[in-house]
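Undergrad: Turn this into a model:
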Amino acid sequence: MARIANTKVLIIDIYPIFIKGLISILETGNRLSVIGSASNCSDALRIAEKEKPRLVILEIRLGRENGMDIITKLKSLNPEVTILVISTQDERFYSERVLRLGARGYILKTEPVDVVMEAINTVLDGKIYLSENERERIFQAMTEDSSRGVKDWASSLQTLSNRELQVFSLIGKGHGTIEIAARLNLSTKTIDSHKDHIKLKLHCNTAQELRQQAIEWINNPEKT
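TA: This next block holds a predicted model:
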């Protein structure tokens, strides 16, 4: 689909200062029109149903909510909506996941304005946007050119479901089972089940080993 004038945009993010800055950038030239912003999934869906935005710019880290959960719901409301994730989360572990859910691109918030606009124009043109590094990583994984140790660890993380990756991330941030259950509105039994599955997939023998791997991943993602 080609870009159109006065494209309606919905921004989903928890930081007002980021939203304000992004609105200023997007509305320069009057081609993009921000019709609303939301900091949680329910408000975002309400606005999307009413305003029918052409483009949704989404941060998947939404406090207690997981922004990935809203992607399929937005697509159900309007299969033609274009979703671009602009996030602080490491693209190596989330870009493929959001694309599989229906997003059209993934870009880090640390990118300069011209790169962000390139990503927006790319997805509005009906194409997929990923950074050059991420495209190269995916290509290397497909051709098995990356080193075996790195590939094994990255591949193991890719086997985690979206919920398991969310639990793993919270473990790495020091949260215990009860706190994780409260944050995700799940039972402690369910969290323990997720932990057992994660241990199997990451080849951890004990809860302490799982916790250590999660902490190392959060504090030193470059090991992957």
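Undergrad: contacts and neighbour counts: CA atoms only from here.
TA: OK.
Undergrad: Let me know how buried the closest residue to residue 25 other than its chain neighbours is, in neighbour terms.
TA: The shortest distance from residue 25 to any non-neighbouring residue, by C-alpha to C-alpha, 6 or more residues apart in numbering, is to residue 113 (7.9 Å). Counted by other C-alpha atoms under 10 Å, the residues lying close to residue 113 total 13.
Undergrad: Make residue 1 into 853 and carry on from there
TA: That works, and once the first residue is 853, the last one we named lands at residue 965.
Undergrad: Do you know the pLDDT at residue 965?
TA: For residue 965, the model assigns a pLDDT of 93.
Undergrad: same question, residue 943
TA: 88.
Undergrad: Ok, residue 878 next?
TA: 91.
Undergrad: correct me, but it touches residue 884?
TA: Yes - applying C-alpha atoms under 8 Å as the test, residue 878 and residue 884 come out as touching, 5.7 Å apart.
Undergrad: Please report the distance of the residue nearest to residue 877 from residue 987.
TA: 20 Å (C-alpha to C-alpha, to the nearest Å).
Undergrad: for the nearest residue to residue 862 once chain neighbours are set aside, helix, strand, or coil?
TA: In this structure, residue 862 finds its nearest non-sequential neighbour in residue 908, 4.8 Å apart by C-alpha to C-alpha, 6+ apart. Three-state call for residue 908 (DSSP: H, G, I helix; E, B strand; the rest coil): strand.
Undergrad: tally of neighbours for residue 908?
TA: 26.
Undergrad: Surely it touches residue 932?
TA: No - judged on C-alpha under 8 Å, residue 908 makes no contact with residue 932 at a distance of 11.1 Å.
Undergrad: Find the nearest non-adjacent residue to residue 899, please.
TA: In space, residue 899 is closest to residue 888, 7.0 Å off (C-alpha to C-alpha, 6+ apart).
Undergrad: Direction included, what does the helix or strand harbouring the one you found pair against?
TA: Per DSSP states H and E, residue 888 falls inside strand 884-890. Here strand 884-890 is paired, per DSSP bridges, with strand 859-864 (parallel).
Undergrad: Which residue ranges make up each domain of the protein?
TA: Per automatic domain parsing, the structural domains of the chain span 859-987, 998-1075.
Undergrad: Got phi/psi on the spatially most central residue of the chain?
TA: Against the mean C-alpha coordinate of the chain, by C-alpha atoms, centre = their mean, the closest residue is residue 912 at 4.2 Å. Backbone dihedrals for residue 912, given as degrees, to the nearest 10, come out at phi -80, psi -10.
Undergrad: can you pull the pLDDT of it?
TA: For residue 912, the model assigns a pLDDT of 93.
Undergrad: That one and residue 1062, how far apart?
TA: For residue 912, the distance to residue 1062 - C-alpha to C-alpha - is 24 Å.
Undergrad: picking that back up, distance of the residue nearest to residue 877 from residue 863?
TA: From residue 965 to residue 863 the distance is 16 Å (C-alpha to C-alpha).
Undergrad: show me what contacts the residue nearest to residue 924 when sequence neighbours are not counted?
TA: Spatial nearest neighbour of residue 924, excluding adjacent residues (C-alpha to C-alpha, 6+ apart): residue 953 at 6.0 Å. Applying C-alpha atoms under 8 Å, 6 or more residues apart in numbering to residue 953 gives the contacts 920, 923-924.
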